[in-house]
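> below are the sequence and a predicted model for it; my questions follow.
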There are 4 protein chains.
Amino acid sequence: MHYDVEWRRRRQGLAGPAGREDLAGVSESTKRLAVVGISGSPSRTSKSRVLVEYALAQLAARGATTQLVDLAALPAEPLLGRGPSAAVAQAIEATTRAGIIVAGTPVYRATYSGLLKVFFDLLPQDSLIGRIGVPLVTGHGAAHSLSVDHGMRPLFASLGATVVAGGVYATSQQFADGKPGVELLAAVDRAVGEALALATAGLPGPIPRRD
Amino acid sequence: MHYDVEWRRRRQGLAGPAGREDLAGVSESTKRLAVVGISGSPSRTSKSRVLVEYALAQLAARGATTQLVDLAALPAEPLLGRGPSAAVAQAIEATTRAGIIVAGTPVYRATYSGLLKVFFDLLPQDSLIGRIGVPLVTGHGAAHSLSVDHGMRPLFASLGATVVAGGVYATSQQFADGKPGVELLAAVDRAVGEALALATAGLPGPIPRRD
Amino acid sequence: MHYDVEWRRRRQGLAGPAGREDLAGVSESTKRLAVVGISGSPSRTSKSRVLVEYALAQLAARGATTQLVDLAALPAEPLLGRGPSAAVAQAIEATTRAGIIVAGTPVYRATYSGLLKVFFDLLPQDSLIGRIGVPLVTGHGAAHSLSVDHGMRPLFASLGATVVAGGVYATSQQFADGKPGVELLAAVDRAVGEALALATAGLPGPIPRRD
Amino acid sequence: MHYDVEWRRRRQGLAGPAGREDLAGVSESTKRLAVVGISGSPSRTSKSRVLVEYALAQLAARGATTQLVDLAALPAEPLLGRGPSAAVAQAIEATTRAGIIVAGTPVYRATYSGLLKVFFDLLPQDSLIGRIGVPLVTGHGAAHSLSVDHGMRPLFASLGATVVAGGVYATSQQFADGKPGVELLAAVDRAVGEALALATAGLPGPIPRRD
């Protein structure tokens, strides 16, 4: 059965019993899981993007279908809502259809980047209900680690997403030659594991609108 | 090692070993699910407490074991960390053993009550990892509804809990004669449904400490 | 050295040297006070922009030099940091030289717009130390009024600005035919009054960097 | 003229011209300035309390009348709103009459202590309008430094206070043998200087209530 249809069926009755095959194991159920990784760094060689790519690779290895949305590569005018763009429309479509959204961002002004925010501003209201958000934030030092809790959590929550408890905050010291260290990778692994567990939990979907 | 098994192994000692029957269905698995409801209102006749009690009743009807921790009824000195108390110790124990923690609070100073905060201050570090948090907040008008996202979410996250996307914010207008209206009850139902789905998702437990 | 003189010495190079006549009275000292109003709405006919323009008019009437930076009218590529632009550079220059920065934004995703954030991301670190920030936020209903406190205050603070206590949150109901009502204007008047009082308080400037 | 009366007179007309003698110098005008320092640590030997006491000493040296409110020494029952207490009532009275409120707290659950919060919950609505708040927060490492911006700033703002831009966050590493290091003291000095400048700025007072 198509993933999206299955999702909706399960949403009925809020937390109704999921089908047998769904519970046979995570690797089984995630085979058709769609995951989008959003890189919110203006830089093409950003640390947060490296973490997003690593998370996507881990999720692909577990059977998920993954796609990277690199906001730095999308055209500026439509990102700011000034006219249409097929590429931006596709990125929005992919994000709102994904079961897991991994969002990477550097810390600017003690919170997520403006680039990430303009993209989230384009997503339709309630469009992440029933989806799982994974924040991956990078900063120079430890001082801005609460940006995960006061920036990324409310941002995901504003669209209805469930956010993994183990959102990741990484400092520059946790990278060597642009590569994340072992402990940092373990933190991302853990966030990915949480996301997989939550994505297969049969979360209720959006509240039906009255017409 | 298989992914799912590895998670469960790590979870041992926190939420107890999950078994086969754990996956047979929500109603089955929640039979042994422990739920604690915390009333963070100084008032014994508070609106937020009514919501907590309603949520507990819904969870009990689904088979969960429930307990209400009424902070207004606990002794003041030990709540402020000034000496021991069997009652407070039991409340802490129950909270850190529960799979779902429902926390109710009125809005004071645009966020959760100080009474709720002193209790959370007593909980051991990381003690809510793998647990599900359900915020139920009541305020006079709509102006403080973001207290769910900027107060309760970070508070639960600071102890490692996963928070339901649908945290509830209720205004006084949604109560009549001290009783919550239909829409408000539906919002709590929904949060309870989310919590049940998440609680049976097989979330990873605390990261093992190195010795 | 006398306390007051020491402050002024440190402030030199930021808000310019204050002179004796600076203390003769608010109306006098604000004659040379520079104010920038930033409109963070993507829409040219936005409610928040109307409030920013009103605030600028009030400050101009008190003798301040005012300038409106309409982010909707600035080119997209340089706003996202993709190459230089004389217009964006001038907007940055004006903002970092102003004594008062009035920032207007609609609520998107329960906080300030991404458009406003990309512009703040371009401002140099510590560039608003000693300056006064005035948040003017508009939302449909009252539910997001805490975006002033959890969005705008930390954003201004991240650059070192002092924020008026009376940041304004306006709902659509406070406008009729696109025009702000009397109570809303009074709230802006009040914020403007606070900003003027603070701007002439002789705040310390940036901490001198060690070389 | 009595300080409180002078304050109210100045508030009239929002930012009306202050009297000549008021501008003769900060040391002059602060002679009658009342300052309250609140220690929000449950521990009598806390680092944050040391910083509060230092700030009070600096302000006393500039001519202010200072008082320490040590919440750890106040009775628990009335702090939780369970019955009256002359000591707590006096602490509330002193706080709401002060021109500057210095609030010290350790970081618990990534934000201010519950002890500090229960005291702020007791303060009357709008009771800090026109007053200056100075946050002094201590944590083990740097990770929670944004608790100043997401915890203390909104807390002060909820009562109407203007908060110094330079709120202080101190780590354990900045103390040696319980004594704050030179750089940390300089940060407190700076916050104190800001508070003095703001306290003499002639901020508007509370909006008159309609009867």
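In hand now; what should we look at?

> what's the mean pLDDT across the helix ranked longest in chain A?
Taking DSSP state H as the criterion, chain A has its longest helix at helix A:182-199. Averaged across helix A:182-199, pLDDT comes to 97.

> and it with helix B:182-199, angle?
130 degrees (axes from the mean of the first three to the mean of the last three CA atoms, to 10 degrees).

> do helix A:182-199 and chain D meet?
No: figure legend: helix A:182-199 not in contact with chain D (CB under 8 Å from any CB of the partner chain); closest approach 13.6 Å. Using the backbone N, CA and C atoms, a C-beta is placed for each residue, glycine as well.

> so who does A:Thr65 touch?
Contacts for A:Thr65 (CB atoms under 8 Å, 6 or more residues apart in numbering or on different chains) come out as A:32-35.

> please apply the same query to A:Leu136.
Counting by CB under 8 Å, 6+ apart, the residues that A:Leu136 touches are A:48, A:51-52, A:55, A:102-105, A:167-168, A:170, A:188, A:191.

> output the longest helix of chain A in CSV, but only the C-alpha positions, please.
Coordinates of each C-alpha in helix A:182-199 appear next as CSV, following Å, rounded to 0.1, in the frame of the first residue of the first chain:
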residue,chain,number,x,y,z
VAL,A,182,32.6,10.2,16.8
GLU,A,183,30.5,11.5,19.7
LEU,A,184,28.7,14.0,17.4
LEU,A,185,27.9,11.2,14.9
ALA,A,186,26.5,9.1,17.8
ALA,A,187,24.2,12.0,18.8
VAL,A,188,22.9,12.2,15.2
ASP,A,189,22.5,8.4,15.2
ARG,A,190,20.5,8.7,18.3
ALA,A,191,18.3,11.4,16.9
VAL,A,192,17.7,9.4,13.8
GLY,A,193,16.8,6.4,15.8
GLU,A,194,14.3,8.4,17.8
ALA,A,195,12.8,9.8,14.6
LEU,A,196,12.4,6.3,13.1
ALA,A,197,10.7,5.1,16.3
LEU,A,198,8.3,8.1,16.3
ALA,A,199,7.6,7.9,12.6
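
> now for it, which elements pack on it?
helix A:47-61, strand A:100-106, strand A:132-139, strand A:168-171, helix B:3-11 (3 or more CB pairs under 8 Å, 6 or more residues apart in numbering or on different chains; DSSP states H and E).

> export the contacts of A:Thr65 to TSV and tack on distance to D:Ala110 and secondary structure?
Output for the contacts of A:Thr65, formatted as TSV (distance: CB to CB, whole Å; DSSP: H, G, I helix; E, B strand; the rest coil):
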residue	distance to D:Ala110	secondary structure
A:Arg32	37	helix
A:Leu33	31	coil
A:Ala34	33	strand
A:Val35	29	strand
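
> which one of the residues you listed is nearest chain B?
Nearest to chain B among those is A:Leu33, at 13.3 Å by CB to the nearest CB.

> report the buried residues of stretch A:93-109.
A:94-96, A:98-109 (16 or more other CB atoms under 10 Å in any protein chain shown).

> wait, I meant stretch A:108-128
Result for stretch A:108-128 [16+ other CB under 10 Å]: buried residues A:108-123, A:127-128.

> now do the phi/psi pair for A:Lys115.
In this structure residue A:115 is Leu, not Lys. phi -60, psi -40 (degrees, to the nearest 10).

> what's it in contact with, if anything?
Per CB under 8 Å, 6+ apart, neighbours of A:Leu115: A:40-42, A:71-72, A:79, A:105, C:80, C:114, C:118, C:121.

> what number of residues lie near the nearest residue to A:Arg82 once chain neighbours are set aside?
Nearest residue to A:Arg82, sequence neighbours excluded (CB to CB, 6 or more residues apart in numbering or on different chains): C:Ala76, at 6.2 Å. For C:Ala76, the count of nearby residues is 20 (other CB atoms under 10 Å in any protein chain shown).

> how far away is C:Ala76 from A:Ser46?
Per CB to CB, to the nearest Å, C:Ala76 is found 20 Å from A:Ser46.

> same check, this time on A:Ala98
The value you get for A:Ala98 to A:Ser46, if CB to CB is used, is 21 Å.

> same deal with A:Tyr108?
12 Å.

> then A:Val36?
Taken as CB to CB, the span from A:Val36 to A:Ser46 is 17 Å.

> do A:Val69 as well
14 Å.

> overlap of the contact sets of those two?
What both A:Val69 and A:Ser46 touch, as defined by CB under 8 Å, 6+ apart, is the set A:Ser39.

> which one of these two has more residues nearby?
Remark: of A:Val69 and A:Ser46, A:Val69 carries more neighbours, 24 against 21, as counted by other CB under 10 Å.
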